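*Asks:* predicted model follows, preceded by the sequence.
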Amino acid sequence: MKKTTVLAVVLILSSHSTWAAGEGVRDMFASPYFYIGLGLFIFLAFTFFILRYAFATMKEATLKAQGRWEEYQEKQVEEEGALLRSLTAAVPVEEEESILTDHDYDGIQELDNRLPPWWLWGFYISIAFAIGYMVHFHVTGNGLSSQEELELAYEEWNAELEAKMASGAIVELNPDSLQVLTDQASLDYGRSILNGGCTSCHGNNGAGASGPNLTDEYWIHGGDLASVFTTIKYGVPEKGMLAWKSSYTDEKIHKIASYILSLQGTNPSDGKAPQGELWVPETQEEAPLAETPETEE
């Protein structure tokens, strides 16, 4: 009876119609079909256990009336014991002397029990899976490596991004024509992004961590708005800087870059040592040097 119960529960749980809720996992809880399926599952499970209990009660009454109830119970215990032994390959306690080894540790003796069959079969299946995995991914080349999956995902993101740009859903800005934003709303948004998702690399308030300090005048990839905007949007994969164009629109990247530039000169106490080259704006590079006035002797 217990085997029947387990089998029935497994069949109910694995029923596709019971758990076919919505078009995907993301929409599952929003779909009314999920709750209809859940209600159907609860109803079927409740009905099954009620019928099972009624059947067991009737069987017990019938066997007691026939005087076979004790015999039936003994048979059940014997079957359950045989099932347990088949799963564990354990030797009965009364026969343990047959597998007793000569190892003795302060009076504690060791039995030469075999490994449980379920463990052995799991081990054999894992070996077979490993061989199949190796052939699929490393011999035939039919499977994609994690790097290839990442590159494919990037291609899909870029294709989706280009499609949105072509449809006008996303407007692409020209970084060379942008001006640094100074309004408080834009700076607050940039601060929320930098301190929310960039602290692992750039520290709190851009002080630097595994990534460079964003508050000093030294830059690795340029310190003007266009350079900072481009670095955020396209990233620097070889240096570990991710491309954020799939996560933020150009308008949002514009706000983030503007906030980063507003950190210049804040010099936090825990700031990382400068990296890169001293950035001098073009207007200062092109400005003529002031002549040193001559002094009369």
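*Replies:* Now that the structure is in, tell me what you want to look at. Predicted, not measured: the structure shown is a model, and the values here were computed from it.

*Asks:* so Ala61 belongs to a helix, correct?
*Replies:* Yes - assessed by DSSP: H, G, I helix; E, B strand; the rest coil, Ala61 belongs to a helix.

*Asks:* could you pull out the strands for the protein?
*Replies:* Remark: strands assigned in the chain by DSSP state E are 100-105, 108-111, 218-219, 277-278.

*Asks:* out of those strands, the one nearest Phe43 is which?
*Replies:* The closest of the strands of the chain to Phe43 is strand 108-111. By CB to CB, the value is 49.1 Å. Bear in mind the C-beta positions are built from the backbone N, C-alpha and C, glycine included.

*Asks:* circling back to that earlier point, okay if I get the strands of the chain as a markdown table plus mean neighbour count?
*Replies:* Formatted as a markdown table, the strands of the chain follow (neighbours: other CB atoms under 10 Å):
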| stretch | mean neighbour count |
| --- | --- |
| strand 100-105 | 9 |
| strand 108-111 | 11 |
| strand 218-219 | 17 |
| strand 277-278 | 11 |
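
*Asks:* export those to a markdown table and tack on distance to Gly240?
*Replies:* Below are the strands of the chain laid out as a markdown table (distance: least, CB to CB, whole Å):
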| stretch | distance to Gly240 |
| --- | --- |
| strand 100-105 | 53 |
| strand 108-111 | 53 |
| strand 218-219 | 16 |
| strand 277-278 | 19 |
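
*Asks:* how about these in TSV, adding distance to Ile42 and mean pLDDT?
*Replies:* Putting these into TSV (distance: least, CB to CB, whole Å; pLDDT from 0 to 100) gives the following:
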stretch	distance to Ile42	mean pLDDT
strand 100-105	52	83
strand 108-111	46	84
strand 218-219	62	90
strand 277-278	67	88
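
*Asks:* keeping just the C-alphas, turn stretch 206-214 into PDB.
*Replies:* C-alpha atoms of stretch 206-214 as PDB (Å, rounded to 0.1, in the frame of the first residue of the first chain):
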ATOM      1  CA  GLY A 206      33.800  56.200  -6.200                       C
ATOM      2  CA  ALA A 207      36.800  55.900  -3.900                       C
ATOM      3  CA  GLY A 208      38.000  52.800  -5.700                       C
ATOM      4  CA  ALA A 209      38.300  49.100  -4.800                       C
ATOM      5  CA  SER A 210      39.300  46.400  -7.400                       C
ATOM      6  CA  GLY A 211      38.500  49.100  -9.900                       C
ATOM      7  CA  PRO A 212      40.100  52.600 -10.100                       C
ATOM      8  CA  ASN A 213      39.400  55.600  -8.000                       C
ATOM      9  CA  LEU A 214      36.900  57.900  -9.800                       C
END
